[in-house]
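Visitor: predicted model and sequence follow; I will ask about them next.
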Amino acid sequence: MSATHYQNHSEDQRRMRSPEGFDMEKHFNDAKSYITSTAGKDGVNLYDHLVKCVSRLLTEQPRDSVTIFEDVSKLARSQQVKPQEEPAENTEHILAEEQKPLFE
């Protein structure tokens, strides 16, 4: 890495500090952690929802993307697959649990 490149990199690093004194990388990671952990009633987190919306906008590249963003969001939510309920334990597993004390 050249000295000039390293110097520019160091200046970029100094500029990446937010006014609060946090590193931008930490700030970004905290924000991403928040939006991945915040889920709605349907179990979908904000991060996944935004990825679907932005991916669709990037794929279709409509001229009025800002105007239709809300519609894209509503459509993505309506097409969301509902999480299935936990499957009931199969009978083999139940039987094995009941017979486990016999082998101890």
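Guide: Perfect, thanks for sending it.
Visitor: and the gap between residue 25 and residue 31?
Guide: Separation of residue 25 from residue 31 (Cβ to Cβ, to the nearest Å) stands at 11 Å. The way it works is simple: take the backbone N, C-alpha and C, and place the C-beta from them, glycine included.
Visitor: and what of residue 61?
Guide: Residue 61 is 26 Å from residue 31, where distance means Cβ to Cβ.
Visitor: buried ones in the helix or strand hosting residue 47?
Guide: Assessed by DSSP states H and E, residue 47 sits inside helix 46-60. Across helix 46-60, burial judged by 16 or more other Cβ atoms under 10 Å covers 47, 49, 52-53, 56.
Visitor: quick one: low-confidence ranges for this structure?
Guide: By pLDDT under 70, the low-scoring segments of the chain are 1-22, 81-89, 104.
Visitor: how does it look with 90?
Guide: 1-26, 28-29, 31-32, 34-46, 77-104 (pLDDT under 90).
Visitor: could you chop it up by domain?
Guide: As recorded under automatic domain parsing, the domains making up the chain are 1-37, 41-80.
Visitor: need those in TSV (columns: distance to residue 96).
Guide: As requested, the domains of the chain are exported to TSV (distance: least, Cβ to Cβ, whole Å):
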stretch	distance to residue 96
domain 1-37	35
domain 41-80	30
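Visitor: looking at those, which is nearest to residue 103?
Guide: Of all those, it is domain 41-80 that lies closest to residue 103, at 38.3 Å by Cβ to Cβ.
Visitor: give me the phi and psi for residue 42.
Guide: With angles defined as degrees, to the nearest 10, residue 42 sits at phi -80, psi 0.
Visitor: pull the number of nearby residues for the residue nearest to it when sequence neighbours are not counted.
Guide: Excluding the flanking residues, the one nearest residue 42 by Cβ to Cβ, 6 or more residues apart in numbering is residue 80, at 5.9 Å. By other Cβ atoms under 10 Å, 15 other residues sit near residue 80.
Visitor: for residue 80, which three-state class applies?
Guide: Judged by DSSP: H, G, I helix; E, B strand; the rest coil, the three-state class of residue 80 is coil.
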